[in-house]
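> this is a predicted model, with the sequence first.
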Amino acid sequence: MSSGRFPHRTVRALTVSGCAGLLALTAACGAGHPAAKQAAAAAPAGVALAADARGTHDTPGPNPYQYLPHVPSFDVDSTTVKNGRPLPAAQLSGLFGAPGGKDVSPELSWSGFPKATKSFVVTMYDPQAPTGSGFWHWVVADIPAGTTSLPLNAGAPNSTALPAGALELGGDAGMHRYVGGAPPKGSGKHYYYITVTALDVPKSGVGADASGAFLGFTIAGHTIARATIICPTELK
């Protein structure tokens, strides 16, 4: 490219490939090129284009909530996991062979959600899992609105620590429990999204055999707020 304008083929590529096209353009032109700057400015909210000293590019995406309707956030905290920090060993998956993994779900607490909240959903999702569709590690629906915390290891098999009425789905492992993170060695960072979603209905309407994706589809129109802790984790 000899100018800062987008050739027709580039515009078409960006239209077709979205964020991937932006990344490819930035990699091809260099972050300082006028076309790359225009691409970065046009990137959807939540998509970061950043170059390291070697000129390679990395993003903390894909953000699984980026293309859903925007909703307010609220406060979610944990004594177990911290936003921007890797999952501790106990929250990794021994079931999937992660070193030190114990498949212990994190302690979570939340506040500041809308007064109209009638139930919550708690999930952990890995969008970078090598499946083509990510991986749901933990899915709990129908948490009553009066519940504002889950204790450590609430996601144990046949747990009695979940509130009455809560529905623990099987996740992508098919197990009705918390399954810890297990990023394949050499696959880079996986950004685990631990999310509390506030709904305006007391029940999600799904059964225990529903997938995390189907639950997400079902509650999309009832989501009124969302709070997330993101844990970038890599096994080398």
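Looks like it came in fine.
> contacting residues for Arg177?
Residues near Arg177 by Cβ atoms under 8 Å, 6 or more residues apart in numbering: Asp103, Trp138, Gly155, Ala156, Pro157, Ser159, Glu168. (Glycine included, C-beta is placed from N, CA and C.)
> make sure it is indeed in a strand.
No. The assignment for Arg177, made by DSSP: H, G, I helix; E, B strand; the rest coil, is coil rather than a strand.
> how near is it to Phe214?
Distance of Arg177 to Phe214, given as Cβ to Cβ, to the nearest Å: 19 Å.
> wait, is Ala90 part of a helix?
Yes. Under three-state DSSP, Ala90 sits within a helix.
> can you pull out the helices in the protein?
Ranges of helices within the chain are 8-17, 19-29, 34-42, 212-219, based on DSSP state H.
> just the buried positions in the shortest one, please.
Neighbour counts using 16 or more other Cβ atoms under 10 Å place Gly212, Leu215, Gly216, Thr218, Ile219 of helix 212-219 among the buried residues.
> now swap in stretch 79-90 and tell me
Neighbour-count burial for stretch 79-90, with 16+ other Cβ under 10 Å as criterion, is recorded at Thr80, Val81, Pro86, Leu87, Pro88, Ala90.
> which of these sits closest to Asp200?
Comparing those against Asp200 with Cβ to Cβ places Val81 closest, at 27.2 Å.
> so the closest one sits right up against Ala90, yeah?
No. The criterion here is Cβ atoms under 8 Å, and Val81 misses it with Ala90 at 10.0 Å.
> reformat the buried residues of stretch 79-90 as a markdown table; add distance to Gly188 and pLDDT.
Shown next, in a markdown table, are those (distance: Cβ to Cβ, whole Å; pLDDT from 0 to 100):
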| residue | distance to Gly188 | pLDDT |
| --- | --- | --- |
| Thr80 | 24 | 98 |
| Val81 | 20 | 98 |
| Pro86 | 13 | 97 |
| Leu87 | 15 | 98 |
| Pro88 | 19 | 98 |
| Ala90 | 22 | 98 |
